[in-house]
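K.L.:
coordinates for the following, if possible.
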Amino acid sequence: MTNQATLQKAIENLSQKQHVVSDEAIRAKQQVGQDHHIQLSKTQALMSEFNRSIRILVDVFKESNFDDLFLLVSQPTRLLLMNFFIGLLKGMGFAIGVLIVAGFVVMLFQDTIAASFILNLPQYFK
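P.N.:
You can find the predicted model right below:
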């Protein structure tokens, strides 16, 4: 009977796999599974924060027209020509504005001595 009892216990152990895997190994596997789940949730939280930061950065670049500025700086001849013509137009606008204001001043003081001097100014340069 002892042989039969040991054989019965061996069959029982084989069916439960207790002879192959110890209790410490089972607990270690459960602990690793829990640690992996915690690590996975931390990684997902970090990725979510990273994605949110990237979206904010993309929105800032879209609002700042960074690509247009980069295109302009990458073509220096275009930048120089554009600045030259903008300066030329500003100068012409200033000159036209000064002439208009001077014309109004002359119209207001047309009967005074200073106005007659200004109106006769071209005769002094002949």
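K.L.:
wait, what's in contact with the residue sitting nearest the centre point of the chain?
P.N.:
Nearest residue to the geometric centre of the chain (Cα atoms, centre = their mean): Leu57, 2.9 Å. Contact partners of Leu57, counting by Cβ atoms under 8 Å, 6 or more residues apart in numbering, are absent. Just so you know, the C-beta spots here come from the backbone N, C-alpha and C atoms, and that holds for glycine as well.
K.L.:
may I see the buried residues of the helix or strand hosting Ala102?
P.N.:
Assessed by DSSP states H and E, Ala102 sits inside helix 76-108. Within helix 76-108, no residue is scored as buried using 16 or more other Cβ atoms under 10 Å.
K.L.:
pLDDT on the helix or strand following it, on average?
P.N.:
Next helix or strand after helix 76-108 toward the C-terminus (DSSP H and E): helix 113-119. The average of the pLDDT scores along helix 113-119 is 71.
K.L.:
please apply the same query to stretch 58-68.
P.N.:
If you average the pLDDT over stretch 58-68, you get 83.
K.L.:
OK, contacts around Met82?
P.N.:
By Cβ under 8 Å, 6+ apart, the contact list for Met82 reads Leu72.
K.L.:
look up how far Arg55 lies from it.
P.N.:
Distance of Met82 to Arg55, given as Cβ to Cβ, to the nearest Å: 33 Å.
K.L.:
cool, Thr112 as well?
P.N.:
Distance, Thr112 to Arg55, using Cβ to Cβ: 68 Å.
K.L.:
centre of the chain to stretch 72-88, how far?
P.N.:
Distance of stretch 72-88 from its chain centroid, counting by Cα atoms, centre = their mean, to the nearest Å, is 26 Å.
K.L.:
then stretch 98-117?
P.N.:
Distance, stretch centre to chain centre, for stretch 98-117: 55 Å (Cα atoms, centre = their mean).
K.L.:
next: stretch 65-76.
P.N.:
Centre-to-centre, stretch 65-76 and its host chain are 15 Å apart (Cα atoms, centre = their mean).
K.L.:
just the CA trace of that stretch, in PDB.
P.N.:
Coordinates of the C-alpha atoms in stretch 65-76 are reproduced here as PDB (Å, rounded to 0.1, in the frame of the first residue of the first chain):
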ATOM      1  CA  ASN A  65       3.900  81.400 -38.600                       C
ATOM      2  CA  PHE A  66       7.300  79.800 -37.900                       C
ATOM      3  CA  ASP A  67       7.300  78.100 -41.300                       C
ATOM      4  CA  ASP A  68       6.800  81.400 -43.200                       C
ATOM      5  CA  LEU A  69       9.600  83.000 -41.200                       C
ATOM      6  CA  PHE A  70      11.900  80.100 -41.800                       C
ATOM      7  CA  LEU A  71      11.100  80.200 -45.500                       C
ATOM      8  CA  LEU A  72      11.900  83.900 -45.600                       C
ATOM      9  CA  VAL A  73      15.200  83.600 -43.700                       C
ATOM     10  CA  SER A  74      16.300  80.600 -45.800                       C
ATOM     11  CA  GLN A  75      16.200  82.800 -49.000                       C
ATOM     12  CA  PRO A  76      18.400  85.900 -48.200                       C
END
